[in-house]
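Undergrad: Sequence below, structure please.
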Amino acid sequence: MKLETDVPTVTPSQEFQQLKTALHRIVLDRLNLESLQQTDRETAVQAIRSLITDLLNQEATPLSTAERRLIIEEILNEIFGLGPLEPLLADASINDILVNTPDQVFVERNGRLERSPVTFKDDGHLMQIIDSIVSRVGRRIDESSPMVDARLQDGSRINAIIPPLSIDGPHLSIRKFRKDALSGEDLLRNRSMAAPILDLLAGCVKARLNMVISGGTGAGKTTLLNILSSYIPATDRIITIEDSAELQLRQDHVVRLETRPPNIEGEGQITQRQLVINSLRMRPDRIVVGEVRGGEAIDMLQAMNTGHDGSLTTVHANSPRDALGRLETMVAMSGFQLPPRAVKEQIASAINVVIQVTRYSDGTRRATSVSEIVGMEEDIITMQEIFVFEKLGIAEDGTIVGRFKPTGIRPKFADRLRLSGIALPLDMFEEALFPEYGHENWR
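TA: Predicted structure coming up:
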């Protein structure tokens, strides 16, 4: 929680930091923290603000108005929030916060990494903030359990790792949670996708095609999964399964399931595979798995093949073909000794569409390929690309220049869309007629 949004930027000196630390210690000594926890947040903040102001008035060290305000806000953030990270968490333009060392904090803004002026006093200060974060979610981090992967109350995902596993001290990564879920219009506005492609994918969701979104880390897989899930009819019962709950489905009939890590004794773990198996007993119309990454792949494929069509998931892969290879590997991780051809047949019959998303060097994220799985030829799963993003070059400012274009292939599932009452212009699959949608929309 950032308590003031208009705090001026001040470069803290060593004397400033020492004064802040001393005042923080005095405040903690004088306050009855237990009684404050039973008081509403606003009253507690005002009480602490008043105390710090009185202490500053007694302080002989000359301070500017900006420095006095900064000391007050930083102490409040240390007590109620996450210390130096609070301004970064409050900045809506930041997607990721990456703390490498106490004096080296990076953020991702608009798809690009940049160094932040935010610093911690030392390793102990950073460790204190990490302890504060993990304790809020009922977890612990110490030498016996030096890694934590968890979700904050606002949905942000955090990962912390400390010595002896991390050589240079504690490290913290925070993937922030968007309070306002993106929509299909946002994809078009950001030129992450062209309008005909979005219309086609929305039709695939409504016609209950099974879809896999493939891409690398930070490419926008979960964002696209969120957007496509919004096209599921409100009458369907949806069950979501995630390692760390991030999906923001807007329908009323949604059951959200989340895995549970093992406790300190190494017991009590609930895996995605267990949740997928359990979800089949919950009468789902749609199953949405945040990311398939292990043995649950076989159960997901079997669900798609046994009446739970219209399911959606994501997978880490660099291309649609690689995504199928990853699924084959994950099926093998399930422990079932299936012949390779049988695994490929399961994949070919279960999945209809693979969407590849890519993050480019300029920070933009685009749907670079929409492919249809059409069947098997001997021992090979056959695919055909329907739409592709054609990269044309790089502008002087580093911006990627390119265009979306159809391959000229009409997908086999077009008839299924038509029978489902989804009318799409057939000429949208013809390259010659593509400019009718507006050349600028494809740049």
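
Undergrad: count of residues packed around the nearest residue to V254 once chain neighbours are set aside?
TA: Once flanking residues are discounted, V254 sits nearest to I238: 4.8 Å by C-beta to C-beta, 6 or more residues apart in numbering. Bear in mind the C-beta positions are built from the backbone N, C-alpha and C, glycine included. Per other C-beta atoms under 10 Å, the neighbour tally for I238 reads 24.

Undergrad: which residues does I238 bridge with?
TA: As for beta bridges, I238 partners with V254, R286 under DSSP bridges.

Undergrad: Who are the contact partners of it?
TA: 229, 232, 249, 251, 253-255, 284-288 (C-beta atoms under 8 Å, 6 or more residues apart in numbering).

Undergrad: Could you export those residues as CSV, including pLDDT, distance to G218 and neighbour count?
TA: Below are the contacts of I238 laid out as CSV (pLDDT from 0 to 100; distance: C-beta to C-beta, whole Å; neighbours: other C-beta atoms under 10 Å):
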residue, pLDDT, distance to G218, neighbour count
S229, 93, 20, 21
I232, 94, 25, 23
L249, 86, 22, 18
Q251, 88, 27, 15
H253, 91, 31, 15
V254, 93, 25, 19
V255, 94, 28, 13
P284, 92, 29, 20
D285, 92, 31, 18
R286, 93, 26, 23
I287, 94, 25, 26
V288, 94, 20, 25
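
Undergrad: JSON lines for these, including distance to R365?
TA: Below are the contacts of I238 laid out as JSON lines (distance: C-beta to C-beta, whole Å):
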{"residue": "S229", "distance to R365": "18"}
{"residue": "I232", "distance to R365": "22"}
{"residue": "L249", "distance to R365": "21"}
{"residue": "Q251", "distance to R365": "25"}
{"residue": "H253", "distance to R365": "30"}
{"residue": "V254", "distance to R365": "25"}
{"residue": "V255", "distance to R365": "29"}
{"residue": "P284", "distance to R365": "29"}
{"residue": "D285", "distance to R365": "29"}
{"residue": "R286", "distance to R365": "25"}
{"residue": "I287", "distance to R365": "25"}
{"residue": "V288", "distance to R365": "20"}
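
Undergrad: Of the residues you listed, which is the nearest to R273?
TA: I287 (12.8 Å; C-beta to C-beta).

Undergrad: which residues of this structure fall in helices?
TA: 14-30, 33-37, 41-58, 65-80, 86-90, 123-136, 184-189, 195-206, 221-229, 272-279, 296-305, 320-333, 340-350, 414-419 (DSSP state H).

Undergrad: so which of those helices gets nearest D243?
TA: Between these, helix 272-279 lies closest to D243; by C-beta to C-beta that is 6.5 Å.

Undergrad: now the closest one: mean pLDDT?
TA: Mean per-residue pLDDT for helix 272-279: 92.

Undergrad: which parts of that helix are buried?
TA: 272-276, 279 (16 or more other C-beta atoms under 10 Å).

Undergrad: now do stretch 164-171
TA: For stretch 164-171, a neighbour-count test (16+ other C-beta under 10 Å) marks 169-171 as buried.

Undergrad: Please apply the same query to stretch 315-327.
TA: Neighbour-count burial for stretch 315-327, with 16+ other C-beta under 10 Å as criterion, is recorded at 315-317, 319-321, 323-324, 326-327.

Undergrad: Pick the one among these closest to F413.
TA: Nearest member of those to F413, counting by C-beta to C-beta, is P320, at 15.3 Å.

Undergrad: Where does pLDDT dip in the protein?
TA: Residue ranges of the chain with pLDDT under 70: 1-17, 20-21, 24-25, 28-41, 60, 78-81, 432-443.

Undergrad: CA-only coordinates of the lengthiest strand in it in PDB, if you can.
TA: In the chain, assigned by DSSP state E, the strand with the most residues is strand 380-394. The C-alpha coordinates for strand 380-394 follow below in PDB (Å, rounded to 0.1, in the frame of the first residue of the first chain):
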ATOM      1  CA  ILE A 380       3.700 -37.000 -37.600                       C
ATOM      2  CA  ILE A 381       1.000 -34.600 -36.300                       C
ATOM      3  CA  THR A 382       0.000 -32.400 -39.200                       C
ATOM      4  CA  MET A 383      -0.500 -28.700 -38.800                       C
ATOM      5  CA  GLN A 384      -1.400 -25.800 -41.000                       C
ATOM      6  CA  GLU A 385      -0.900 -22.100 -40.300                       C
ATOM      7  CA  ILE A 386      -3.900 -19.900 -40.800                       C
ATOM      8  CA  PHE A 387      -2.500 -16.600 -39.800                       C
ATOM      9  CA  VAL A 388       1.000 -15.400 -39.300                       C
ATOM     10  CA  PHE A 389       2.900 -12.300 -38.200                       C
ATOM     11  CA  GLU A 390       5.400 -11.400 -40.900                       C
ATOM     12  CA  LYS A 391       8.400  -9.400 -39.500                       C
ATOM     13  CA  LEU A 392       9.600  -6.900 -42.100                       C
ATOM     14  CA  GLY A 393      12.400  -5.200 -40.200                       C
ATOM     15  CA  ILE A 394      13.400  -2.900 -37.300                       C
END
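
Undergrad: List the neighbouring strands of it plus their orientation.
TA: Sheet pairing for strand 380-394, using DSSP bridges, gives strand 365-377 (antiparallel), strand 400-406 (antiparallel).

Undergrad: Any chance of a markdown table for those strands, columns distance to E345 and mean neighbour count?
TA: What follows is the strands paired with strand 380-394, written out as a markdown table (distance: least, C-beta to C-beta, whole Å; neighbours: other C-beta atoms under 10 Å):
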| stretch | distance to E345 | mean neighbour count |
| --- | --- | --- |
| strand 365-377 | 6 | 20 |
| strand 400-406 | 29 | 18 |
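
Undergrad: So for E265, which of the ones you listed sits nearest?
TA: Using C-beta to C-beta, the strands paired with strand 380-394 put strand 365-377 closest to E265, at 41.0 Å.

Undergrad: Tell me which residues touch the spatially most central residue of the chain, please.
TA: The residue lying closest to the centre of the chain (C-alpha atoms, centre = their mean) is T222, at 5.7 Å. Contacts for T222 (C-beta under 8 Å, 6+ apart) come out as 246-247, 290-291, 314.

Undergrad: again, only this time at 10 Å
TA: 157, 175, 213, 215, 242, 244, 246-248, 290-291, 314 (C-beta atoms under 10 Å, 6 or more residues apart in numbering).

Undergrad: Specify the beta-bridge partners of F389.
TA: Residues in beta-bridge contact with F389 (DSSP bridges): F404.

Undergrad: can you pull the contacts of it?
TA: Contacts for F389 were tallied using C-beta under 10 Å, 6+ apart; they are 192-194, 197, 356-358, 360, 366-370, 400, 402-405, 442.

Undergrad: now A342
TA: So A342 contacts 331, 336 (C-beta under 10 Å, 6+ apart).
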